[in-house]
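Undergrad: pasted the sequence and its predicted model underneath.
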Amino acid sequence: MSAQSLRLLSRNRTEFDYGETLDLLVSILKRGGIIALPTDTVWGLATLASNATGIERIQVAKGRPESQPIVCLISSTSHALRLSLNWPEPARVLTSLHWPGPLTLIVKTADCPYPHLTGGRRTLGLRWPRDPVLQDILEALDEPLAATSANLSGAPPLTSEASIRSVFSSILDVILVTDTPSVGEASTVVEVNESGIKVLRTGPLRLDFPR
């Protein structure tokens, strides 16, 4: 079955059809749907963080091992605090400067409600995206999305609706088209704990810390 295309343009946020389309998208996600959407970094594949079956389908379609963690997209710093075991000072400083934005924080987690995101680790990757459409989706859902770049494992991210449809249509319920100015580069990933900061991947945000 071919994925449905939906358009959700932030410049039309005051128009009636924006809310109607947003409601439809949220209902699809809450029923266990999988979507592709452009973010403020790269195109992503996403489903509810609580949807273990959907996450497994994404991993299989990408050829990605289950042991590889998936990022949790959140709608606020307070949500990150609820998912973290603790929130060390480096995390507070980084998020005050760079959230929302292209920064993924790897933090310790305890009794994580989404163990299928952690790849068996005791840490969780968290990002609060800057894109206004994605922020509206997260706020309307009132729960996180699990998201990973739209690409086959080891390959560059796909960059268009057409290319994503050709590779991932079989698992997608919706391909969401927005006016997000994607930078085409995956987020900067930083591991944070009481010992300090370690950059695991450099993306659009350049941080001068040890790797």
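TA: Arrived safely, thanks for sending. Numbering: from 1, shown residues only.
Undergrad: could you use CA atoms for every contact and neighbour count after this?
TA: Will do.
Undergrad: list the buried residues of stretch 195-205.
TA: For stretch 195-205, the buried set under the neighbour-count rule, 16 or more other CA atoms under 10 Å, comprises 197-203, 205.
Undergrad: of all those residues, which comes closest to Pro115?
TA: Leu200 (21.0 Å; CA to CA).
Undergrad: tell me the two of the buried residues of stretch 195-205 that are most distant?
TA: Ile197 and Gly203 (15.6 Å).
Undergrad: report all helices and strands that the top helix by length along the chain contacts.
TA: Identified as the longest helix of the chain according to DSSP state H is helix 16-30. If contacts are counted by 3 or more CA pairs under 8 Å, 6 or more residues apart in numbering; DSSP states H and E, helix 16-30 sits against strand 43-48, helix 132-141.
Undergrad: and the pLDDT at the closest residue to Thr118 other than its chain neighbours?
TA: Spatially, and ignoring its direct neighbours in sequence, Thr118 is nearest to Pro69 (4.7 Å; CA to CA, 6 or more residues apart in numbering). Note on Pro69: pLDDT of 94.
Undergrad: same thing with Met1?
TA: 55.
Undergrad: do the same with Cys112
TA: In this prediction Cys112 is given a pLDDT of 86.
Undergrad: about what we covered before: for Ile74, find the nearest of the helices and strands packed on helix 16-30.
TA: Taking CA to CA, helix 132-141 is the member of the helices and strands packed on helix 16-30 nearest to Ile74, at 6.7 Å.
Undergrad: hey, where'd the strands end up in this protein?
TA: Using DSSP state E, the strands of the chain run over residues 4-7, 35-38, 43-48, 71-73, 103-108, 123-127, 145-149, 174-177, 188-193, 196-201.
Undergrad: circling back: next, the residue nearest to Thr118: phi, psi?
TA: Dihedral pair for Pro69: phi -70, psi 160, per degrees, to the nearest 10.
Undergrad: what's the answer for the one 5 residues further on, then?
TA: Reported as degrees, to the nearest 10, the phi and psi values for Ile74 are phi -120, psi 170.
Undergrad: ok, it - how many residues close by?
TA: 25 (other CA atoms under 10 Å).
Undergrad: ok so, going back, most packed of the helices and strands packed on helix 16-30?
TA: Stretch with highest mean neighbour count among the helices and strands packed on helix 16-30: strand 43-48 (a mean of 26; mean count of other CA atoms under 10 Å).
Undergrad: mind giving me the packing neighbours of it?
TA: Going by 3+ CA pairs under 8 Å, 6+ apart, strand 43-48 lies up against helix 16-30, strand 35-38, helix 52-62, strand 145-149.
Undergrad: any idea of the angle that strand forms with helix 132-141?
TA: Comparing the axes of strand 43-48 and helix 132-141 via axes from the mean of the first three to the mean of the last three CA atoms, to 10 degrees yields an angle of 10 degrees.
Undergrad: give me the contact list for strand 43-48.
TA: Contacts with strand 43-48, where a contact means CA atoms under 8 Å, 6 or more residues apart in numbering, come from 29-30, 32-38, 54-55, 58, 143-150, 157-160, 182, 184.
Undergrad: can I have the buried ones of those residues as a PyMOL selection?
TA: In PyMOL, this line selects whichever of the contacts of strand 43-48 come out buried by 16+ other CA under 10 Å:
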select buried, resi 29+30+32+33+34+35+36+37+38+54+55+58+143+144+145+146+147+148+149+150+157+158+159+184
